[in-house]
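**Student:** One predicted model, sequence on top.
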Amino acid sequence: MSTTSAEKFDQIESHHRHGRSTGVTRSVMEDQEHSAETAMQPVRPPQASWTSMPHKDQLAILALSRMVDFFQMASLSTFMVHQLQSFDPSLPNSCISRQAGMLQGSFTAAQIVTAVLWGRVADEPNIGRKKVLLVGLIGTAFSCIGLGFSRSFTQATLWRLLGGAINGTVGAARTMVAETVEKRFHSRAFLLLPVAFNVANILGPIFGGMLVDPVTSFPTLLGPSSVFGGPEGVAWMIKYPYAATNMLSAALLFAEAALVYFFLRETLASYAKRGPSPFGWLDTSRGLLARLVPRRKSDYKALDPSQSVGLLAGIEGDAINMTELSPEGYLEKPFAKPKLSFSRLWTSNVVLTLLSIAIFDFHMGAFSSLWIIFLSTERAEKHHAARSPSDPFYFDGGLSFQPTAISYALAVIGLVGLALQLSLYPWANSRFGLMRCFRYSLVLFPVAYFLAPFISLLPSWTDAPQPASGPWIWIGISMVLTLQVTARTFALPASILLLNNSSPHPTVLATIHGLGSSTSSMFRTVGPIAAGFWYGVGLEMGAVGMAWWIVAGISCIGCIASFWMRNGSGREILLPGDEEYQEIQETQARTRD
């Protein structure tokens, strides 16, 4: 009885031990299976945010490069019409409006020819994006100095042409932003460029208007018998009243060039890293000439140094020893990755994106010119005599603003844009998506352009020909600018992203941005010139709004054209050497087997 009980006790204890062992084993196996399943699941990258964005210092330098470039343009807008009037005070307003359109368009006119060229040069492995950015900043600085000391419309136009021709900063900066961070950060990284634009639109007009004719603006410092002026004032500032504001723009461009040179890193993957050379600028010049003067194709190709065989020279000591060839030697020499040809990058999405950008930049350039001219145009004391005063579309005159008032009106653009850029845009973009924000924003442009000329009919505290003033005038200005800037806040970063994503292959990314910059320059040239011409004709007819309403109609076409665009992947064409291309080749090979 006792033996049987002992045996049963041993069996029960053994069963419990076995059960516990089995349970432990099963638990370990389940943990291992769970770990394996967890390891097999793809790791999601952290959500893109401003705090998690890498390379903030590099993005800050790139944003500053766009800010100082926009600064010189915004600063010029405050005094351009008055500088043209100082060249020849006898010219009528209609002629000054045409000259203003030509002067503003001359900068972008030169970029039509050179933007694609600078994009191709920036794709060269021995040059890269950084050198193109440096050349653009320094060259534009010298053109600002020349503009400030110009004494005629011809001189001013030539300096603006030179500045535009050498300025390849737009494509270079956009490409470097795209290559500095991963694609999931692009929507936030590219937002820095419009933010820079808005900051420049605040600071440029304020400082530009402040430094126009500084002897008069700061008499105690620069005027007669002042601290720095001497008995008659600062002589060169009296002779060149628009030089000081241009020299400030040049100083900012030179300072940014120094930041780029010392702290900005090259982003071109195939850039040939070499030590610093005092003759590095020769590489840029050589690459530029290589694009201007095409080489004749030949079957001849120079031998690689490793292919020079000693046996050919009859020197036995220099002969190749076949036993010394190893995987680390000549056979393992890497092949250069192929680059997409220029003729193959013209996909349908690239063409449609460039078309939409063309319309967008046409009316943006036209608005920039019309707004400055309209603010500066003398107020009309009565309606045009040839038409009935009751006709709502036939009225004449502008607001007669002086540079200081113009600077405030232009600064409103930057203030509204910056507030919307940092508050409304991120929420709307995440809620509605890139394409819908782009398309919906375009609808606001024609509304703003249609309403703009009616500001001159609002009640003013002063009578013509004195500058318009009073709350109704500034309410009207704020309403029109809020509509225009809201539309631009969403459309501008979206157009940059859509252009970047339309690139069919990463090897032509800078070229695509060069094409976009060239297209933008072309229509930002045509826009101000055409708008200035229409504005002059409208003044002669007594219909100051004619140019505005034509531009509104063109912007409506842009609304329609946007529905044919799509957000690309940035890699629509695959080349040998691409990972996706190799995967497709391997899949096809397995299918054939």
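**Tutor:** Received the coordinates, thanks.
**Student:** Which stretches in the stretch 51-200 of the chain count as helices?
**Tutor:** 56-87, 93-122, 128-148, 153-166, 169-180, 186-189, 192-211 (DSSP state H, counting those that start in this stretch).
**Student:** Return the set of buried residues in the last one.
**Tutor:** Residues of helix 192-211 classed as buried by neighbour count (16 or more other C-beta atoms under 10 Å): 192-211. Bear in mind the C-beta positions are built from the backbone N, C-alpha and C, glycine included.
**Student:** okay, the helices of the stretch 51-200 of the chain, which one's buried deepest?
**Tutor:** Stretch with highest mean neighbour count among the helices of the stretch 51-200 of the chain: helix 169-180 (a mean of 26; mean count of other C-beta atoms under 10 Å).
**Student:** show me the contacts for Ala409.
**Tutor:** Neighbour list for Ala409: Pro205, Trp371, Leu375, Phe401, Ile477, Leu481 [criterion: C-beta atoms under 8 Å, 6 or more residues apart in numbering].
**Student:** Swap in 6 Å and give it another go.
**Tutor:** Leu375, Ile477 (C-beta atoms under 6 Å, 6 or more residues apart in numbering).
**Student:** Now the helix or strand containing it: average pLDDT?
**Tutor:** According to DSSP states H and E, Ala409 maps onto helix 403-432. Taken as a whole, helix 403-432 has an average pLDDT of 83.
**Student:** and it with helix 56-87, angle?
**Tutor:** 140 degrees (axes from the mean of the first three to the mean of the last three C-alpha atoms, to 10 degrees).
**Student:** Which of the residues in helix 403-432 are classified as buried?
**Tutor:** 403, 405-407, 409-418, 420-421, 425, 428-429.
**Student:** List the residues that contact the most centrally placed residue in the chain.
**Tutor:** In the chain, the residue lying closest to the centroid (C-alpha atoms, centre = their mean) is Val170, at 4.9 Å. Counting by C-beta under 6 Å, 6+ apart, Val170 makes contact with Ser517.
**Student:** distance of it from Lys339?
**Tutor:** 22 Å (C-beta to C-beta, to the nearest Å).
**Student:** How about Gly204?
**Tutor:** Distance from Gly204 to Lys339, by C-beta to C-beta: 38 Å.
**Student:** Also Thr175?
**Tutor:** Taking C-beta to C-beta, one finds Thr175 at 15 Å from Lys339.
**Student:** same deal with Phe367?
**Tutor:** Phe367 is 38 Å from Lys339, where distance means C-beta to C-beta.
**Student:** So for those two, which residue has more residues nearby?
**Tutor:** More crowded of Phe367 and Lys339, by other C-beta atoms under 10 Å: Phe367, with 26 against 16.
**Student:** What does the pLDDT read for the more buried one?
**Tutor:** 94.
**Student:** where exactly do the strands run in the stretch 351-500 of the chain?
**Tutor:** With DSSP state E, counting those that start in this stretch as the criterion, the stretch 351-500 of the chain has no strands.
**Student:** So, low pLDDT: which residues of it?
**Tutor:** By pLDDT under 70, the low-scoring segments of the stretch 351-500 of the chain are 381-392.
**Student:** Return the distance of stretch 143-157 from the chain's centre.
**Tutor:** 26 Å (C-alpha atoms, centre = their mean, to the nearest Å).
**Student:** What mean pLDDT does that stretch get?
**Tutor:** 95.
**Student:** contact partners of that stretch?
**Tutor:** Taking C-beta under 6 Å, 6+ apart as the rule, stretch 143-157 contacts 72, 87, 99, 103, 106, 159, 162-163, 240, 242-243, 246-247, 249-250.
**Student:** Quick one: end-to-end distance for that stretch.
**Tutor:** Across stretch 143-157, the terminal residues are separated by 10 Å (C-alpha to C-alpha, to the nearest Å).
**Student:** picking that back up, do you know which of the helices of the stretch 51-200 of the chain lies nearest Asn567?
**Tutor:** helix 186-189 (11.0 Å; C-beta to C-beta).
**Student:** Does anything pack onto the closest one? Which helices or strands?
**Tutor:** Packed against helix 186-189 by the contact rule (3 or more C-beta pairs under 6 Å, 6 or more residues apart in numbering; DSSP states H and E) you find no helix or strand.
**Student:** And for it, what's in contact with it?
**Tutor:** So helix 186-189 is contacted by Leu59, Val177, Val181 (C-beta under 6 Å, 6+ apart).
**Student:** Let's see that with 10 Å instead.
**Tutor:** 48-50, 52-56, 58-59, 62-63, 177-178, 180-183, 425-426, 429-430, 434, 493-494, 496-497, 500-501, 570 (C-beta atoms under 10 Å, 6 or more residues apart in numbering).
**Student:** any idea how far Phe262 lies from Ala255?
**Tutor:** Phe262 is 11 Å from Ala255, by C-beta to C-beta.
**Student:** what about these two, which has more around it?
**Tutor:** More crowded of Phe262 and Ala255, by other C-beta under 10 Å: Ala255, with 14 against 8.
**Student:** residues contacting the more buried one?
**Tutor:** Contacts of Ala255 by C-beta under 10 Å, 6+ apart are Leu64, Val68, Leu137, Ala141.
**Student:** switch the cut-off to 7 Å
**Tutor:** Not one residue lies near Ala255 by C-beta atoms under 7 Å, 6 or more residues apart in numbering.
**Student:** do the one 10 residues further on as well
**Tutor:** Taking C-beta under 7 Å, 6+ apart as the contact definition, Arg265 lies against Gln58.
**Student:** Check it and give its pLDDT.
**Tutor:** pLDDT at Arg265 comes out at 92.
**Student:** helix, strand or coil for it?
**Tutor:** Look at Arg265: counting by DSSP: H, G, I helix; E, B strand; the rest coil, its state is coil.
**Student:** For Ala63, see how far away it is.
**Tutor:** From Arg265 over to Ala63 the distance is 15 Å, taken as C-beta to C-beta.
**Student:** Equivalent analysis for Ala405, please.
**Tutor:** 29 Å.
**Student:** One more: Arg571?
**Tutor:** Counting by C-beta to C-beta, the gap from Arg571 to Ala63 is 26 Å.
**Student:** Next: Leu492.
**Tutor:** 14 Å.
**Student:** Could you list the low-pLDDT ranges of the stretch 201-350 of the chain?
**Tutor:** Using pLDDT under 70, the flagged stretches of the stretch 201-350 of the chain are 271-338.
**Student:** quick check, distance from stretch 402-421 to the centre of its chain.
**Tutor:** 20 Å.
**Student:** nope, stretch 163-181 is what I was after
**Tutor:** With C-alpha atoms, centre = their mean, you get 7 Å for stretch 163-181.
**Student:** How about stretch 478-494?
**Tutor:** On C-alpha atoms, centre = their mean, the centre of stretch 478-494 falls 16 Å from that of its chain.
**Student:** got it, and stretch 56-73?
**Tutor:** The mean C-alpha position of stretch 56-73 is separated from the chain mean by 10 Å, C-alpha atoms, centre = their mean.
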